[in-house]
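Peer 1: just to be clear, the model below is a prediction. Sequence and coordinates:
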Amino acid sequence: MRGWLWILLACAGGAAGADPRLVWTSPGAIHLGAPSLDGRWLSTVDPDTGNLALRGLRSGEMRKITHKGPRGASNEFAYFSTISPDSTRVAYAWHNDDGFYELRVSPPGGGAARVLFRNEEAGFVQPAAWSPDGERILTLLFRKDNVSQITLIDAETGAVRVLKSLNWVYPKKMDFSPDGRWIVYDSFSRDGAADRDLFALSTDGAREHRLVEGPSEDSFPIWSPDGASVYFASDRGGAMALWAAPVSDGKPAGEPRLVRAGLGRFLPMGITGDGTLYYCVRDGNPEIRVGFIDGASRQVLGSGRVGEGVGPQWSPDGSRLAWLARRGAENFGEESRAITVRNMKDRSELTLTPKMAVISRIRWSPDGLWLLASGSDDKGRGGLYRVDVRTARTLAVAQDPEAPFRGYEGAWSPDGQRVLYHRGGAVFERALDSGEERRVRSGKLPPCDPDVRLPEGAAPPASLHPDGRTVAFTLGRTRPEIWALDLP
């Protein structure tokens, strides 16, 4: 999650207090941490090095906790983190050189880290909160078989207690109640549904109650300091806003009520002991613009806004432009995406919502009837998928438990009957009719587009127009825009 950090002063009863106040803005800030209970520190990740760091919320000091080298020097970096109630320890996920995450604990002043949990079969760990007594760490484990587990990990011994297993899904956020008896988390309302509800799970794993439900996206729950309410993000009023639900003994004690609207693309991070809610906001939306730049003079000949999104791709006949458009709530910077297809002649648009949790890139098939989508399906399985541009029907092309959640980089064969993709340092080819796969060669995937020299600051991958004379690309970091370069 990259953007600005704000605070919203709110009382424990759920009524809005003072207006939100900006406390930190940084284009490169990675807000995967939480504030300390005393309100002095915020755990975060240094964007330049990937080190775990603490940001002084009053002093503005940036204190590095880990001391690895610059990004790119190794595969190691910090990820999610949370600070103990007494501010003497920071628990965090650490991506190691072996390619998976482990749970570590370090003192806030730096020093030797203790590895609490390390298991390649549970390759992703997300520490969410400390128990009020500081003895256990509420941690989400995501296993290679795509089963997520809500666990309590002993802060001294590293012993793991699994409270609940969730097939194919994972909570966006979990939190301890102030009395240590309940855990609140969000999950899908039912199997196959896109809506999320809130649940309270007893810390012995024996009882569970649905706290908030309805045809809405209810996520990122956080307990109030007095334990009488749960704050959460929801679109039940239309746009995403901050809501509060009264709770008693792990059960709903009334109807949710709106705390504050108009927060934009916000992500709740945590509440301090005095009732201060910290949240971060993603600033700006990438725009899709189609313009023409003379290849020789670099002069802009004209441009126009097409929409908002990323990764534009021309259809083979040049009549349509497809791109990835944001939808739904924030999710630590990993956007939920739909596919927008725009007819460039009559300006009509079609929105496709394939059954995919993550879509990182798309490629048109040679006949213009399918899109090859890299990412993960609605059960979290990474790979490559075909999406019908008329119905959004989604078919797996290459699926693997070892695939990254952003999927494989893939390309169509010229006849559209096969797909080439890169996996584990080698290139494979899969026939779509039979499913037969063969290894083509080791090395990098053959480029999907010609070697075009783009302007400085342009971000790959670029998309060549079927006329062979125009290439679309992203330009700019603060407000990225999509441009088309007229080739010389």
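Peer 2: Sure, I can see it. Residues are numbered from 1 along each chain as shown.
Peer 1: please count neighbours and contacts with C-alpha atoms only from this point.
Peer 2: OK.
Peer 1: excluding chain neighbours, what is closest to Pro221?
Peer 2: Excluding its sequence neighbours, the residue lying closest to Pro221 (C-alpha to C-alpha, 6 or more residues apart in numbering) is Phe232, at 4.3 Å.
Peer 1: residues in contact with the helix or strand where that neighbour lies?
Peer 2: Assessed by DSSP states H and E, Phe232 sits inside strand 229-234. Identification of contacts with strand 229-234 by C-alpha atoms under 8 Å, 6 or more residues apart in numbering yields 12-14, 216-224, 240-247, 267-268.
Peer 1: switch to 6 Å and redo it
Peer 2: 217-224, 240-247 (C-alpha atoms under 6 Å, 6 or more residues apart in numbering).
Peer 1: ok, and for it, which residues are buried?
Peer 2: Applying a neighbour-count criterion of 16 or more other C-alpha atoms under 10 Å, one finds 229-234 buried in strand 229-234.
Peer 1: tell me the first helix or strand C-terminal of it.
Peer 2: Moving on from strand 229-234 towards the C-terminus, the next helix or strand you reach (DSSP H and E) is strand 241-248.
Peer 1: quick check: angle from that following strand to strand 229-234?
Peer 2: Here strand 241-248 runs at 150 degrees with respect to strand 229-234, directions being taken by axes from the mean of the first three to the mean of the last three C-alpha atoms, to 10 degrees.
Peer 1: now strand 241-248: average pLDDT?
Peer 2: When pLDDT is averaged along strand 241-248, the result is 95.
Peer 1: which residues does that strand contact?
Peer 2: If you take C-alpha under 6 Å, 6+ apart as the criterion, strand 241-248 is touched by 14, 228-234, 253-254, 256-261.
Peer 1: which parts of it are buried?
Peer 2: Burial within strand 241-248, assessed by neighbour count using 16+ other C-alpha under 10 Å, is assigned to 241-247.
Peer 1: show me the shaky parts of the protein.
Peer 2: Judged against pLDDT under 70, the low-scoring parts of the chain cover residues 1-5, 8-18, 27-29, 69-73, 191-194, 283-285, 291-303, 328-335, 425, 441-488.
Peer 1: make it 50
Peer 2: Counting by pLDDT under 50, the chain contains low-confidence ranges at 1-2, 11-15, 444-462, 468, 471, 473, 475-480, 485, 487-488.
Peer 1: quick one, domains of it?
Peer 2: Per automatic domain parsing, the domain ranges recorded for the chain read 3-281, 287-486.
Peer 1: would you list the phi and psi of Ser81?
Peer 2: In terms of degrees, to the nearest 10, the main-chain angles of Ser81 are phi -150, psi 160.
Peer 1: with Glu436 instead?
Peer 2: When read as degrees, to the nearest 10, the backbone of Glu436 gives phi -70, psi 140.
Peer 1: start to end distance for stretch 241-257?
Peer 2: With C-alpha to C-alpha, to the nearest Å as the measure, the ends of stretch 241-257 fall 11 Å from one another.
Peer 1: so is Arg161 in a helix, a strand, or just coil?
Peer 2: strand (DSSP: H, G, I helix; E, B strand; the rest coil).
Peer 1: I figured it hits Leu152, correct?
Peer 2: Yes - Arg161 is within contact range of Leu152, at 5.2 Å (criterion: C-alpha atoms under 6 Å).
Peer 1: what's across from Ala241 in the sheet?
Peer 2: Listed beta-bridge partners, Ala241: Ser234 (assigned using DSSP bridges).
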